[in-house]
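Peer 1: could you look at this predicted model? Sequence included:
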Amino acid sequence: MTWAGFKVALGSAYDDLGRHHTLQVAAALSYYFVLAIFPGLILLSAIMGSFPLPDLFVHVLDLMSRLLPPSTMTTVQSVLLAVLTEKQTAWVSLGTLGLLWVTSAAFDALIEALDIAYDVRNSRPMWKTRLLALGLGGIIGSFLTVALAVMILGPRFASWLANFMYLPQLFVVIWPFLHWALAIAFAVVAVETMYFLAPNVKQRFAATLPGAILSVACWIGLSYLLGIYFRHFANYGHVYGTLAGFIVFMVWLYWTSFALLVGAELNAELAKQSSKGPILTKPSPAVIGRIDRAA
């Protein structure tokens, strides 16, 4: 792919943002993410509670407070506190399947949104799509958990790792920058995996990297700009009162969804550039059966 071809794909992706009504699709995705994020955090707290590390989930929430817009974490923490302190054992033992099902609904909606971005129809049966959504939830959740864990690890871990693996002292010095780079790398791989598995298209895993990089870069930039906007310009408390934190959270999820779709649009156009035609979809089992009988 030449630079000229990449610029053409970038321009076509920009045009497709309007043609695919990406802002409206992002609004729908943010609704599903709101429904899924709290069950996902409850499952994460149950999983991290089994690790032999004290207050690990508390460190995760503290890290999230640095990434999310101000006042949002107050809403998130109040909801989690109300749920987890009520009957955590029942949630973990009896409600796990229900939590997984609700969480997978967001990835099911994401699969449909990515099919729109790639201009393909989802010919897969519903049960296969929902199983794929469950698998995506587990895979993406694992990558993001590792990314959060890497960001939590402090300089003591860098010193221990340097002594254990006989690394130079320079490793300890650059660790504050390195652990953020590793966390971003895991986030890029998570988004790349999503682009590779979710849409109903044939593509190479490496071909989804440009869109994943663009998506994560847009997400970081938009989160930073939203933080400035909410801290210095917006005053949602006067308009929405106690709902201000939730409204800010919804706005952040909306632009997060938009960033995911922007990367998918770029990958779709790059795929069209490389194939010089429409994107090939994965044939459904019924189609494969008809082809075999005809042969």
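Peer 2: That came in fine, so what should we check first?
Peer 1: could you point out the longest helix of this structure?
Peer 2: The helix of greatest length in the chain, counted in residues with DSSP state H as the criterion, is given as helix 244-275.
Peer 1: off-centre distance for that one?
Peer 2: 10 Å (Cα atoms, centre = their mean, to the nearest Å).
Peer 1: one more: stretch 116-130?
Peer 2: That offset, for stretch 116-130, works out to 19 Å (Cα atoms, centre = their mean).
Peer 1: related to what we said a few turns ago, buried stuff in the longest helix of the chain?
Peer 2: Across helix 244-275, burial judged by 16 or more other Cβ atoms under 10 Å covers 244-273. Backbone N, C-alpha and C define where each C-beta goes, glycine included.
Peer 1: ok now whichever strand or helix holds residue 237, how far from the chain's centre?
Peer 2: Residue 237 belongs to helix 236-240 when assigned by DSSP states H and E. Put simply, helix 236-240 sits 28 Å off its chain's centre (Cα atoms, centre = their mean).
Peer 1: for it, packing partners?
Peer 2: Contacts defined by 3 or more Cβ pairs under 8 Å, 6 or more residues apart in numbering; DSSP states H and E place helix 236-240 against helix 244-275.
Peer 1: now for the helix it packs on, which elements pack on it?
Peer 2: Using 3+ Cβ pairs under 8 Å, 6+ apart, helix 244-275 is in contact with helix 3-19, helix 22-49, helix 72-93, helix 96-117, helix 169-197, helix 209-232, helix 236-240.
Peer 1: quick one, the longest helix of the chain and helix 209-232 angle?
Peer 2: Relative orientation of helix 244-275 and helix 209-232, computed by axes from the mean of the first three to the mean of the last three Cα atoms, to 10 degrees: 160 degrees.
Peer 1: quick one: average confidence on helix 244-275?
Peer 2: Averaged across helix 244-275, pLDDT comes to 89.
Peer 1: angle of that helix against helix 169-197?
Peer 2: Counting by the same axes, to 10 degrees, helix 244-275 points 70 degrees away from the direction of helix 169-197.
Peer 1: tell me the centre residue of the protein?
Peer 2: residue 191 (6.1 Å; Cα atoms, centre = their mean).
Peer 1: find the nearest non-adjacent residue to that residue, please.
Peer 2: residue 212 (4.2 Å; Cβ to Cβ, 6 or more residues apart in numbering).
Peer 1: that neighbour touches residue 263, doesn't it?
Peer 2: Yes - if you go by Cβ atoms under 8 Å, residue 212 and residue 263 touch, sitting 5.8 Å apart.
Peer 1: now do the shared contacts for those two.
Peer 2: 191, 195 (Cβ atoms under 8 Å, 6 or more residues apart in numbering).
Peer 1: any low-confidence regions in the stretch 101-250 of the chain?
Peer 2: By pLDDT under 70, the weakly predicted segments of the stretch 101-250 of the chain are 153-155.
Peer 1: neighbours around residue 8, how many?
Peer 2: 16 (other Cβ atoms under 10 Å).
Peer 1: nearest residue to it other than its sequence neighbours?
Peer 2: Per Cβ to Cβ, 6+ apart, closest to residue 8 is residue 273, 6.8 Å.
Peer 1: which residues touch the residue nearest to residue 16 when sequence neighbours are not counted?
Peer 2: Using Cβ to Cβ, 6+ apart and skipping the chain neighbours, the partner closest in space to residue 16 is residue 265 (5.0 Å). Listed by Cβ under 8 Å, 6+ apart, the contact set of residue 265 reads 13, 16-17, 20, 22, 117, 211.
Peer 1: one more time with 6 Å
Peer 2: Residue 265 makes contact with 13, 16, 117 under the criterion Cβ atoms under 6 Å, 6 or more residues apart in numbering.
Peer 1: which one of the residues you listed sits in the busiest neighbourhood?
Peer 2: Going by other Cβ under 10 Å, residue 117 tops these with 27 neighbours.
Peer 1: surely that one touches residue 268?
Peer 2: Yes - Residue 117 lies in contact with residue 268 (Cβ atoms under 6 Å); the separation is 5.5 Å.
Peer 1: distance of residue 118 relative to residue 21?
Peer 2: Residue 118 sits 15 Å away from residue 21, going by Cβ to Cβ, to the nearest Å.
Peer 1: more neighbours: which of those two?
Peer 2: For residue 118 and residue 21, the more surrounded residue by other Cβ under 10 Å is residue 118, and the numbers stand at 26 against 12.
Peer 1: and the gap between the more buried one and residue 13?
Peer 2: 11 Å.
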